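# Using only what follows, build the 3D model:
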Amino acid sequence: MQIDSVILYEHQRVEDLYPFSVMHCSWELRCGCFRLFEKVQNILKNAPIFYRGRKGHLASFLARFGLSDNSVREGNVLLLSGNILFSEKLFEKMKLAYRNLFPDKNNKQSVIFIYDNKPFAVYLNNSSKNNFNKTDSTFFEDMLEDFSSLHSVNLDYVEQINFLWNTLGYNGKCIEEDFIFYQKPKLAILPNSTFYLINAENIFIGMNTTISAGAVIDATEGPVVIDERVKIMPNSVIFGPCYIGKNSVVKAGSKIYEDTSIGEFCKVSGEIENSIIHAYSNKQHEGFLGHSYLCEWINLGADTNTSDLKNTYAEIEVRLNDNQINTGRMFLGLMCGDHSKSGINAMYNTGTIAGISGMHIGEWYLPGTMPSFFWGGRKNHTVYNIEKAIQVAKIVMARRNKKLLPEEELLMRQEYERIHKR
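Next up, the predicted model:
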């Protein structure tokens, strides 16, 4: 399969990625060292990526990442669901299945790839004529009729993110896969070094990163990637697999356990285990964050803690989009949307789902489900005023030299209207 361009599209159940889906497209999910669309970029380096999804979310994504050209060019096109964990292994499986179906090298056919009785990708050769310019959330489903006559290939297993907590189960493995994209610089570790690297050949340290005295980075159980311009303060301990993003700060005495990813421009401290923290979010005080997913621009107050295990050791159920869902997980903490904050001593219950722009103030344990713009605690709460929420978001972002874009503000207002219609 020769691929000239890629189209990432959002599947119809993208709302199941709530609360991440309120402000983001599905391919922005972070799992491992990269967002999902960055994984595709790394593997298909010579194929430009184009995007199709919900109109407002697509506009926000293109504006935030400075992408202007979203018109698909002629050539061989790979359409790929935006919630797929694309990897070298998956791509090799797809190419092998294609070669087995069409052993004649001169036979250039289009094909649809299927997993679990659902299409997740389509390869269209140059002779295929399709309208790729439709941009809403039904883009792929509207095109399925055009694909009904194509040969199909069933794959036995494809990793995909159907719910936000799925990322946690894949995160450690993805860090190990992503490690190949980091060329480890040579670093001389002397016997009297003031910090310690264990299994150093499995550790990447980026340029202009500083590691202070007493820090321990242990890659015995998996690789550790510490990206560029990171600051590791004294006596911090980091266990692999782990990723620390560019320009982030790990504060003194932090304990970061395996299967954790921390995005760009974050400040973290306390105890963190098997969690994903997106860019520009802070957990810079003591407290435990376990088996959790934090979106962007979140701030957890001092001594905020998450429960991630029920006393009964039962599988955790959550309330998501008015449905009760068994996650199939024994460990699950907090799924928290953009721009939300917790007060000091806040306690999140097992399997908490919290929307965007909330102010979560502890009155014993917080509710297990908190909609967007939730202000208060279990007993006393109200709806955060939208104008105040937007004003605060602008102030917070300006402190990091960022602006709340009109496209982002529109998504916040749309979510506020949705809450008020309930």
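
# Quick one: the helices in the stretch 1-150 of the chain, in order.
Counting by DSSP state H, counting those that start in this stretch, the stretch 1-150 of the chain has helices at residues 36-43, 55-64, 88-101, 139-147.

# Determine which of these approaches Met412 most closely.
Of all these, it is helix 55-64 that lies closest to Met412, at 10.1 Å by CB to CB. Yep, even glycine has a C-beta here, placed from its N, CA and C like the rest.

# and that closest one, what other elements does it pack with?
Packing partners of helix 55-64 (3 or more CB pairs under 8 Å, 6 or more residues apart in numbering; DSSP states H and E): strand 49-52, helix 406-420.

# Quick check: the gap between the residue nearest to Ala389 when sequence neighbours are not counted and Cys266.
Using CB to CB, 6 or more residues apart in numbering and skipping residues adjacent in sequence, the residue nearest Ala389 is Ser357, 4.3 Å away. For Ser357, the distance to Cys266 equals 19 Å [CB to CB, to the nearest Å].

# Over to Leu96?
39 Å.

# Please apply the same query to Tyr384.
From Tyr384 to Cys266 the distance is 23 Å (CB to CB).

# swap in Asp227?
Distance from Asp227 to Cys266, by CB to CB: 11 Å.

# Which one's more surrounded, the two?
Between Asp227 and Cys266, counted using other CB atoms under 10 Å, Cys266 has the larger neighbour count: 25 against 21.

# hang on, the earlier thing: please identify the most buried of the helices of the stretch 1-150 of the chain.
helix 36-43 (a mean of 20; mean count of other CB atoms under 10 Å).

# And it, what does it pack against?
strand 5-9, strand 49-52.

# so what sits against both of Asp227 and Cys266?
Counting by CB atoms under 8 Å, 6 or more residues apart in numbering, the contacts common to Asp227 and Cys266 are 245, 248.

# got TSV for the helices of the stretch 1-150 of the chain, with mean pLDDT and distance to Ala121 too?
Conversion of the helices of the stretch 1-150 of the chain to TSV gives the following (pLDDT from 0 to 100; distance: least, CB to CB, whole Å):
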stretch	mean pLDDT	distance to Ala121
helix 36-43	96	11
helix 55-64	95	19
helix 88-101	92	7
helix 139-147	66	10
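
# before we move on, back to that, for the helices and strands packed on helix 55-64, state which one has the densest average packing.
strand 49-52 (a mean of 22).

# Show me how far it is from its chain's centre.
Here strand 49-52 is found 18 Å from its chain centre; the criterion is CA atoms, centre = their mean, to the nearest Å.

# before we move on, what about stretch 393-406?
21 Å.

# Can you give me the end-to-end span of that stretch?
12 Å (CA to CA, to the nearest Å).
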